[in-house]
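# All I have is the shape, not the residue letters:
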């Protein structure tokens, strides 16, 4: 048995205490976010209901200007609700209070649905979306709602950062024990030093991007937590700024 000198042992104990203190602080922060999110979410639901009632003309006919205002109210409330839900999901996934409900799943169908969901926006921005299925990918054991959110988030992320006239390609293939999903774009790209940082909570690559494209920097962090909850791996690749980005994740077949 190796004996540790008293000074080194004391330093080790201090480091361990600091680590435990940081875990407590991080948990308190997440609990605070969860409480605040619930409080903020409560008034948003009736606000959206009222906006829909006004928009549908249930309380009486509205002119075009009024409809524009109601649509704006509904759109802004929905955006805030999405942000709040992202905060809650991040907290649940991070502390494993959200347990994936795994069942046999074919990701090919989710890919097709996700592409259909952004088809109109892609047409408006003149972005070409391509899909390639390599081989005969098997069904996997996974949570359908979480994997759907994962694919949709990565596709929406590519849509957000790809300029008009660009291209997005989704590739799905299978290995011996896992499936591999890639979504590459011809968008703004990433500097090498940011390839890992982008998965950190609230991280924004550039303040100008945050202003231009919006968001809180939670989407990719949630993607990472979903992949980890399925014992998979996720990472990003880019040749640099202006050269597009490819996000890749792998999931075990058996979960």
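Arrived safely, thanks for sending. If you're wondering where the values come from, they're calculated on a predicted model, not measured in any experiment. Numbers count the residues shown, from 1 in each chain.
# per-residue pLDDT, residue 220?
Model confidence at residue 220, given as pLDDT, is 89.
# Looks like it contacts residue 196 (just checking).
No: here residue 220 does not reach residue 196: they are 10.8 Å apart, not a contact under CB atoms under 8 Å. For glycine as for every other residue, the C-beta is placed from the backbone atoms N, C-alpha and C.
# Show me which of these two is the more surrounded one.
A count of neighbours by other CB atoms under 10 Å puts residue 220 above the other of residue 220 and residue 196, at 21 against 11.
# helix or strand for that one, which one?
Using DSSP states H and E, residue 220 sits in helix 219-229.
# That helix packs against which elements?
Here helix 219-229 touches helix 64-94, helix 144-161, strand 233-237, strand 246-252, going by 3 or more CB pairs under 8 Å, 6 or more residues apart in numbering; DSSP states H and E.
# Which one of those lies nearest to residue 16?
Shortest distance between residue 16 and the helices and strands packed on helix 219-229, using CB to CB, is found for helix 64-94: 21.7 Å.
# Show me what counts as buried in the helix or strand just after the closest one.
Next helix or strand after helix 64-94 toward the C-terminus (DSSP H and E): strand 103-105. The neighbour-count check on strand 103-105 (16 or more other CB atoms under 10 Å) flags residue 105 as buried.
# Quickly run through the sheet partners of strand 103-105, with directions.
According to DSSP bridges, strand 103-105 forms sheet pairs with strand 140-142 (antiparallel).
# quick one on the thing from earlier: with mean pLDDT added, can I get the helices and strands packed on helix 219-229 in a markdown table?
As requested, the helices and strands packed on helix 219-229 are exported to a markdown table (pLDDT from 0 to 100):
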| stretch | mean pLDDT |
| --- | --- |
| helix 64-94 | 76 |
| helix 144-161 | 90 |
| strand 233-237 | 95 |
| strand 246-252 | 95 |
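# The ones you listed: which one's closest to residue 113?
Using CB to CB, the nearest of the helices and strands packed on helix 219-229 to residue 113 is helix 144-161, at 7.2 Å.
# center of the chain - which residue?
Among the residues of the chain, the one closest to the centroid is residue 219, at 2.8 Å (CA atoms, centre = their mean).
# So, low pLDDT: which residues of the stretch 151-255 of the chain?
Low-confidence segments of the stretch 151-255 of the chain (pLDDT under 70): 202, 204-217, 255.
# and the residue nearest to the centre of the chain, how far is that from residue 157?
Per CB to CB, to the nearest Å, residue 219 is found 6 Å from residue 157.
# and what of residue 100?
Going from residue 100 to residue 157 by CB to CB gives 21 Å.
# Between those two, point out the one with more neighbours.
A direct count of neighbours by other CB under 10 Å for residue 100 and residue 157 places residue 157 higher, at 21 against 18.
# doesn't residue 195 make contact with residue 203?
No: between residue 203 and residue 195 there is no contact under CB under 8 Å: 11.7 Å.
# can you tell me which of the helices and strands packed on helix 219-229 comes nearest to residue 117?
Per CB to CB, nearest to residue 117 of the helices and strands packed on helix 219-229: helix 144-161, 6.7 Å.
# which helices and strands does the closest one pack with?
If contacts are counted by 3+ CB pairs under 8 Å, 6+ apart, helix 144-161 sits against strand 103-105, helix 107-117, helix 119-125, strand 167-174, strand 178-185, helix 207-213, helix 219-229, strand 246-252.
# Just the buried residues of the fourth one, please?
By neighbour count, with 16+ other CB under 10 Å as the criterion, the buried positions of strand 167-174 are 168-174.
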